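In: Turn this into a structure:
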Amino acid sequence: FSGMIVLWTVGVVDMNPLTRSLLASSDIGSMFRITACKLVLVVVGVALDSVPKVQAVFMLIAVYGITYYIFHQLPYYSATVNMIYQAIWSSLLGVACLLVGLVFTAEKHTGDAGYPSRMTMGVLYQLFPMMLLGAVSVRLRMRMLRPAAQHLHQAFTDRKIATALNDQKKRAVAAAAADATAADPNDTLTLLGDLKTVYKFKDVTQLSVLCREMRKWDEDGIPDPDATEYGEFLLKCGMARMPNDPIVLVMYASLLMQMNRDGQAAHTTLQLAQKANPSVFERMQVYMAQQLAKSIKRDGGGLDLIGYVEYQRNYRGCIKAHKVALVAQRQFWNSLLRDTVRFVDLQKTLKLMAKAEDKATSTYRRVLERYPNNGKLLKIYGRFLEYVRNDPCTAAKYYAEASKYGTSESLLTLAQGQSSSTSTTSGSSNLTSATGTVNERVDGLIIINASGQILMVNAAALALFGYGKGELEGKSLSMLMPQPWAQQHNSFLDRYIESGVPHILDRNRTMVGLHKDRSVFPFNLLAMRLSGLGGDTLFLGVLRRPPPTSDSTTVRFSTTASGLILSADSGTEGMLGVAASHLVGQQVANLFTDSDVVQSFLVKTVGSKSESETSYKTHASMLHAYLPAVEVELNVQFGGAVEDSECRFLIIEVHPVSDAGAVMALNQKGRLLFVTDKLAAMLGYPIVNMAKMDLNSLLPTPYGQMHTAWLKASPVAICPLPLHTANTAIMTLQDSA
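Out: Okay, here's the model as predicted:
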């Protein structure tokens, strides 16, 4: 009987706050305590008839314990069920009190034959009043939580409004700047706040009861989106206040499974619950939630992104165990190559080899139990069986299974799959829209964890930064950034993990990266949160080359806020006659005739409180290495972390106003040093190829041979230019047409 009662108690406990079961309970601890009181009530009622006073007292204590736990813990999700149960047990509490009074006062009324009858009628008279009192007490208990619920509703509403205002300011910052009454961004950040400060929950029970307000469904039985979003907000606040509480983590994992069928994200959250030293009851809840997560993952038909990260870790563990087994085999055979072999040494190497093989086998089996249909794992396990275990027959079976399921996964496909199961946040829609236009062969994809460690990177991102396969996994993302971004990046991650407020996520930004050859280059970045919580949060970055300028003659510079050139387009050689690599490290203002005016313009631009969408324009005269100054138009925008003045840079687009004409510059040996685009187009050569040519290759015979000698003999008047190279001739050609 006790065993059946315990099984029933386990069956009614469900940590999913959106369960539709009327008798479902969220508090396994309280349910077991209530069950224990029921068992005491039954056992005492059967076994202590010989001592009625003791029996009556124990029965009163047991019934009081049940009513106490129902009143304080409100264990059932349904408010009506809590009221009904409290009403029933309150009436039984009245009966138990009458029983105690009857037993202890029976000796005083030995001569009164009607006393037992009157006490029995008292049971009937108190029955309905006690039931009403019990129901009302539960109702009042729930009303005591109304101020906390109102406070949390207001905080949730303020957060949504602040987020909407913040997004609106990002999209229309120019209009907001013109409006003198526009809200200060600092006010928005204050409204968003830290989740820890939203509300100080007394305990997990209070959080669980408050989360029951998300239990709203439409006429089709689908959970109300606003209510579930509010419930998710409460659980995140609870995790911020109680980060190591297993029950809170189990509740959030259950919500993920119910809302998104996201077994992998729930499994990651449950791993945190396992690390939080749960009690026996809590371990049971974690186990039940893990079984549900596994069933959801099996129903999902494949790996999502979170599962792929875990799979990669397990895969590397298998490879490591496989290598250890091979090394142990090699040591064994090397020991046999000696002239003399001690039996003790041979026995030792055999034991090491057997131990390594057994460990590798158990590792493979444990991982394959979790990923039974992964072709890549099946293939390497087949190799292990063939070359380590010397079992080619069994290996052939695994090879056949591997070819059946395939051996590759697309990182982009996994990221898109993850977006469909991400919680209802603003980032999920951004992820879907972004990955819908991503070409994995061209666009770089990088996945990092909450500490900035690179977990996965595709081939396009490796090529973008100049690294080879396997050189970035496990490294810090900061190594791909110049200073000060490399130093500040982890603080940006910590700020988001602690507050949950996105400052850089979910929007396109222009950033600068550090190539393997230590050169700096610009790229476009869209960063977003994929899944996970706290230290298990994962982020995805989509990297693209900046789009070309609308005009081929426009050159783009990336500079620090002080005007130091970080990178420049290759078009500087055609516009200025100087290679881009020679300009890096110089002050951009020094490239202009009126450097002081340009520097003042940049200082004024940096001092403005503008966002990346705002641009500033001016006109100036730019120095040329071989020609007179060129009239240009400057268009300046912000890049990087715009909100942080120390971590933003300038994107300067320089557009020539006047046409330089068809011009080339060459030294006295006839080697071309500079060629304009117009001349290259006139002669029909790519400008890149002309930079490596000699003048004699452009002239017909015999002028090609004669011209080099003429350059050496003829005095050429050289105009002193600011960026002029010595011994250079400047020639202007005019199309006869």
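In: what about the strands in the stretch 251-400 of the chain?
Out: With DSSP state E, counting those that start in this stretch, there are no strands along the stretch 251-400 of the chain.
In: shaky segments in it?
Out: 259-265, 294-310 (pLDDT under 70).
In: For it, just list every one of the helices.
Out: 263-274, 280-300, 305-336, 343-370, 375-387, 392-405 (DSSP state H, counting those that start in this stretch).
In: so of these, which one's packed in deepest?
Out: helix 263-274 (a mean of 24; mean count of other Cβ atoms under 10 Å). All C-beta atoms are positioned from the backbone trio N, CA, C, and that covers glycine.
In: what's the angle from it to helix 305-336?
Out: 70 degrees (axes from the mean of the first three to the mean of the last three Cα atoms, to 10 degrees).
In: Quick check: pLDDT value at A625.
Out: Here, the pLDDT recorded for A625 equals 75.
In: State the distance from it to R283.
Out: The spacing between A625 and R283, counted by Cβ to Cβ, to the nearest Å, is 74 Å.
In: swap in L623?
Out: 73 Å.
In: With C237 instead?
Out: Per Cβ to Cβ, C237 is found 25 Å from R283.
In: same question, V636
Out: Taken as Cβ to Cβ, the span from V636 to R283 is 60 Å.
In: and what of V13?
Out: Distance from V13 to R283, by Cβ to Cβ: 13 Å.
In: So for L39, what's the nearest residue that isn't a sequence neighbour?
Out: Residue nearest to L39 in three dimensions, not counting chain neighbours: S2, with 5.8 Å by Cβ to Cβ, 6 or more residues apart in numbering.
In: Which pLDDT value goes with the one you found?
Out: Looking at S2, the pLDDT reads 78.
In: One more: V63?
Out: At V63, pLDDT is 91.
In: check contacts around it.
Out: C37, L41, W89, L92, L93, A96 (Cβ atoms under 8 Å, 6 or more residues apart in numbering).
In: can you check V42 too?
Out: F1.
In: cool, M511 as well?
Out: Here M511 is in contact with M481, W485, P522, F523, N524, L525, G639, G640 (criterion: Cβ under 8 Å, 6+ apart).
In: Could you give the bridge partners of the last one?
Out: As for beta bridges, G640 partners with R648 under DSSP bridges.
In: Could you give the number of residues near it?
Out: Other residues near G640 number 27, with proximity taken as other Cβ atoms under 10 Å.
In: Tell me the spacing between it and V606.
Out: 12 Å.
In: re earlier: out of the helices of the stretch 251-400 of the chain, nearest to H489?
Out: H489 lies closest to helix 305-336 among these, at 19.9 Å (Cβ to Cβ).
In: so how far is the closest one off the chain centroid?
Out: 29 Å (Cα atoms, centre = their mean, to the nearest Å).
In: which residues are contacting stretch 98-109?
Out: P52, K53, A56, V57, M59, L60, Y115, P116, M119, G122, V123, Q126.
In: mind running it again at 10 Å?
Out: 52-57, 59-60, 63, 112, 115-116, 118-120, 122-123, 125-126 (Cβ atoms under 10 Å, 6 or more residues apart in numbering).
In: Just the buried positions in it, please.
Out: L98, L99, V100, L102 (16 or more other Cβ atoms under 10 Å).
In: Same check on stretch 627-639?
Out: Per 16+ other Cβ under 10 Å, stretch 627-639 contains these buried residues: L627, A629, V630, V632, L634, N635, V636, Q637, F638, G639.
In: Now for the residue nearest to L39, how many residues are close by?
Out: Neighbours of S2 (other Cβ under 10 Å): 12.
In: For R146, see how far away it is.
Out: Distance from S2 to R146, by Cβ to Cβ: 39 Å.
In: where do the contact lists of G640 and V606 overlap?
Out: Common neighbours of G640 and V606 (Cβ under 10 Å, 6+ apart) are T560, A561, R648, F649, L650.
In: quick one: terminal-to-terminal distance for stretch 657-667?
Out: 28 Å (Cα to Cα, to the nearest Å).
In: for the record, mean pLDDT for it?
Out: 75.
In: Check S610 and give its pLDDT.
Out: At S610, pLDDT is 54.
In: which other helices and strands contact the strand or helix carrying G238?
Out: Secondary structure from DSSP states H and E places G238 in helix 225-241. Here helix 225-241 touches helix 146-171, helix 204-210, helix 246-260, going by 3 or more Cβ pairs under 10 Å, 6 or more residues apart in numbering; DSSP states H and E.
In: Could you look over those helices and pick the most buried one?
Out: Note that of the helices and strands packed on helix 225-241, helix 246-260 is the most buried (mean count of other Cβ under 10 Å), with a mean of 26.
In: Next, the angle from that one to helix 263-274.
Out: Going by the same axes, to 10 degrees, helix 246-260 makes 180 degrees with helix 263-274.
In: coming back round to it: among the contacts of V63, which ones are in helices?
Out: C37, L41, W89, L92, L93, A96 (DSSP state H).
In: what's the burial count for the fifth one?
Out: Just to be clear, that refers to L93. Neighbours around L93, by other Cβ under 10 Å: 21.
In: Wasn't A625 part of a strand?
Out: No: under DSSP: H, G, I helix; E, B strand; the rest coil, A625 falls outside any strand and is assigned coil.
In: Test my guess that it contacts V663.
Out: No: counting by Cβ atoms under 10 Å, A625 stays clear of V663, with 11.3 Å between them.
In: Can you pull the residues that touch both of the two?
Out: G577, F674.
In: Make sure H489 is actually in contact with S478.
Out: Yes: using Cβ under 10 Å, H489 is in contact with S478, at 5.2 Å.
In: In this structure W8 contacts T35, no?
Out: Yes: under the contact definition of Cβ under 10 Å, W8 touches T35, with a separation of 8.1 Å.
In: More neighbours: which of the two?
Out: T35 (18 against 12).
In: Spell out the secondary structure type for the more buried one.
Out: Going by three-state DSSP: T35 is helix.
In: Show me where the stretch 101-250 of the chain dips below the pLDDT cut-off.
Out: Using pLDDT under 70, the stretch 101-250 of the chain drops low at 166-195, 219-221.
In: ok but I447 is inside a strand, no?
Out: Yes: under three-state DSSP, I447 sits within a strand.
In: So what pairs up with it in the strands?
Out: Applying DSSP bridges, one finds that I447 bridges with M456, L540.
In: Now do it: how many residues are near it, please.
Out: With other Cβ under 10 Å as criterion, I447 counts 25.
In: Same check on G94?
Out: 21.
In: got a markdown table for the helices and strands packed on helix 225-241, with distance to Q599 too?
Out: Output for the helices and strands packed on helix 225-241, formatted as a markdown table (distance: least, Cβ to Cβ, whole Å):
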| stretch | distance to Q599 |
| --- | --- |
| helix 146-171 | 29 |
| helix 204-210 | 57 |
| helix 246-260 | 53 |
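In: for the ones you listed, which one sits closest to Y496?
Out: helix 146-171 (13.8 Å).
In: Among the buried residues of stretch 98-109, name the ones in helices.
Out: L98, L99, V100, L102.
In: just curious, which of the residues you listed is nearest to Q150?
Out: Of these, the one sitting nearest to Q150 (Cβ to Cβ) turns out to be L98, at 41.0 Å.
In: Alright, I will stop here.
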